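In: Prediction below, plus the sequence it came from.
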Amino acid sequence: MASSPRTGRSSAAIGALVVGALLVLGVIVVVVARVDVGGIGQRIVASLYPPPAVTDRAVHIRDLYNTVFAIAVVIFFVVEGLIIWTVVRYRRKPGDDELPPQTHGNAIAEVVWTVVPSLIVAFMFVISWQTLNSVEAISAQPQTKIAAVAGQFQWQFAYLAQDATPKKCEDIKPEYTQFAPTGEGGGLYVPAGRTIQLFLCSPDVIHAFYVPQFLFKRDVVPGRMNTFEFTIDKADAGGTFRGQCAELCGAGHRLMLFEVHALQGGDFDAWLQKQIAAASASPPPPPSGAPAPSGEPAPSGQPPAGGPALQISAFNIAFEQTALQAPANAPFKIDFDNKDPGTPHNVAIHEGSPTGAELFKGVIFPGPAKKTYDVPALKPGTYAFVCSVHPNMTGTLTVQ
């Protein structure tokens, strides 16, 4: 039995009341919970766009994205609008018991839906090609040359002379090498406002150099030196940008993070000269019985400062010893054996836990090699020893 029109109207009214009540309840919940609707909306809109561009190349990529996004939005609303108009205009009404007149073939419509998409695709091809040429452009005389060496599982940044043009990893002869990709004093330091040419090489497997704010990713391929250029805007000097390997490269892929620090040109020059001087300096031998400088190995032919020696070794991006003991209130030595070829490690001592205050930091060096650290006296307690390059490498030092 068919329902009466009155029953249908009653059901519709009840449904409308339920929908209205739910809307009112939703508004009350938002007000009571003090939900920042505007902030949520802004975050949703921001999620549709890539991160803010901080390099000249990123600006070109951002402009291309905005153009393609605008075209996609127009197409979306045109298509959805036509669908809604068709549904409303040609909906079935009471008494429509027969099909309306059917149209078979329309030359104008076919020309439009063929020509318009073709023009859109051709336009996007042209602007994409122009953007690609802008991003790939390499200058004859870049102002700064740096090599980023990606190995399992860490980054190294080698600062090159102005006339250096390495063709493979073995050709890299740096003035200074930054072994720590993150953390205090670590990372890739670059001058804002200057053209930077970055050489990418890998001694093992495929990696990828990716910084979200650069809006750019480039593979790092073994046996091939990939190159690209960028210039960070001067307004972004003082900023720090997170980077990572964006190509699955093995079990330790998650460790391949790095930071990019943008400095003013003069500050960068001063920083680089300081690092070069520190790397090339050879400290004078300490007086007899005196400890060597903190974190430095003892001079050849002279024993390190007195005290017991702790044996620590690193292999496969891990400390082989995870629990050690040292005497309280007395200096001691750490004989550190880095067994990982080409991978930089060190030993740093932190108070309480791996994230506690750093009390001692040994020099970072690539393996295979050995160094002896002289550690000053520590109070009784529990400490953590950590690799500054690979924070996942930790152990416990008990001082008593």
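Out: Arrived safely.
In: so which helix or strand takes in W271?
Out: Element membership for W271, per DSSP states H and E: helix 265-280.
In: what residues does that helix touch?
Out: For helix 265-280, the surrounding residues in contact (CB atoms under 8 Å, 6 or more residues apart in numbering) are 159, 175-178, 189-194, 237, 263. All C-beta spots, glycine's among them, are computed from the backbone N, C-alpha and C.
In: Show only the entries of those residues found in strands.
Out: Here DSSP state E is the test, and these give Y159, Y176, T177, Q178, Y189, V190, P191, L263 as lying in strands.
In: what's the closest of those to T343?
Out: Using CB to CB, T177 comes nearest to T343 of the ones in strands among the contacts of helix 265-280, at 12.9 Å.
In: So which of the ones in strands among the contacts of helix 265-280 is the closest to E80?
Out: Of all the ones in strands among the contacts of helix 265-280, E80 sits closest to V190, with 45.0 Å by CB to CB.
In: The closest one pairs with what?
Out: On the basis of DSSP bridges, V190 is bridged to A262.
In: wait, doesn't it sit right on Q264?
Out: No. Applying CB atoms under 8 Å as the test, V190 and Q264 come out as separate, 11.0 Å apart.
In: neighbour count winner among the two?
Out: V190 (23 against 14; other CB atoms under 10 Å).
In: F332 versus the more buried one, what's the distance?
Out: 39 Å (CB to CB, to the nearest Å).
In: ok, back up a step: with distance to F153 and pLDDT as added columns, please give the ones in strands among the contacts of helix 265-280 in CSV.
Out: Output for the ones in strands among the contacts of helix 265-280, formatted as CSV (distance: CB to CB, whole Å; pLDDT from 0 to 100):
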residue, distance to F153, pLDDT
Y159, 22, 95
Y176, 22, 91
T177, 17, 90
Q178, 16, 90
Y189, 22, 96
V190, 23, 96
P191, 28, 96
L263, 27, 95
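In: Please identify the buried residues of stretch 391-400?
Out: Neighbour counts using 16 or more other CB atoms under 10 Å place M393, T394, G395, L397, V399 of stretch 391-400 among the buried residues.
In: Generate TSV for those residues, with secondary structure, distance to A107 and pLDDT as supplementary columns.
Out: Converted to TSV, these look like this (DSSP: H, G, I helix; E, B strand; the rest coil; distance: CB to CB, whole Å; pLDDT from 0 to 100):
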residue	secondary structure	distance to A107	pLDDT
M393	coil	71	87
T394	strand	74	91
G395	strand	78	92
L397	strand	84	92
V399	strand	89	91
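In: Bridged to the nearest residue to Y383 once chain neighbours are set aside, which residues?
Out: The shortest distance from Y383 to any residue other than its chain neighbours is 4.3 Å, reached at L397 (CB to CB, 6 or more residues apart in numbering). Counting by DSSP bridges, L397 is bridged to L324, Y383.
In: which ones are touching the residue nearest the centre of the chain?
Out: With distances taken as CA atoms, centre = their mean, G243 lies nearest the centre of the chain, 2.1 Å away. Counting by CB under 8 Å, 6+ apart, G243 touches L188, F209, Y210, V211, L257, F258, E259, V260.
In: returning to that earlier point: make CSV out of the contacts of helix 265-280 and add distance to V54.
Out: Shown next, in CSV, are the contacts of helix 265-280 (distance: CB to CB, whole Å):
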residue, distance to V54
Y159, 21
E175, 26
Y176, 24
T177, 25
Q178, 20
Y189, 15
V190, 11
P191, 13
A192, 9
G193, 12
R194, 14
A237, 10
L263, 14
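In: Just the buried residues of those.
Out: Among the contacts of helix 265-280, the ones that count as buried by 16+ other CB under 10 Å are Y159, E175, Y176, T177, Q178, Y189, V190, P191, A192, G193, A237, L263.
In: The closest residue to the fourth one other than its chain neighbours pairs with what?
Out: So that's T177. Residue nearest to T177 in three dimensions, not counting chain neighbours: A158, with 4.8 Å by CB to CB, 6+ apart. Beta bridges link A158 to A147, T177 when assigned by DSSP bridges.
In: burial measure for A158, as a count.
Out: Applying other CB under 10 Å, we find 22 other residues in the vicinity of A158.
In: Could you do H104 as well?
Out: Neighbours around H104, by other CB under 10 Å: 4.
In: Which neighbouring elements make contact with the helix or strand where V74 lies?
Out: V74 belongs to helix 56-89 when assigned by DSSP H and E. Secondary-structure packing of helix 56-89 (3 or more CB pairs under 8 Å, 6 or more residues apart in numbering; DSSP states H and E): helix 107-136, strand 216-220, strand 226-230.
In: Tabulate those (CSV), appending mean neighbour count, distance to I83 and mean pLDDT.
Out: Putting the helices and strands packed on helix 56-89 into CSV (neighbours: other CB atoms under 10 Å; distance: least, CB to CB, whole Å; pLDDT from 0 to 100) gives the following:
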stretch, mean neighbour count, distance to I83, mean pLDDT
helix 107-136, 12, 14, 94
strand 216-220, 18, 37, 94
strand 226-230, 18, 43, 95
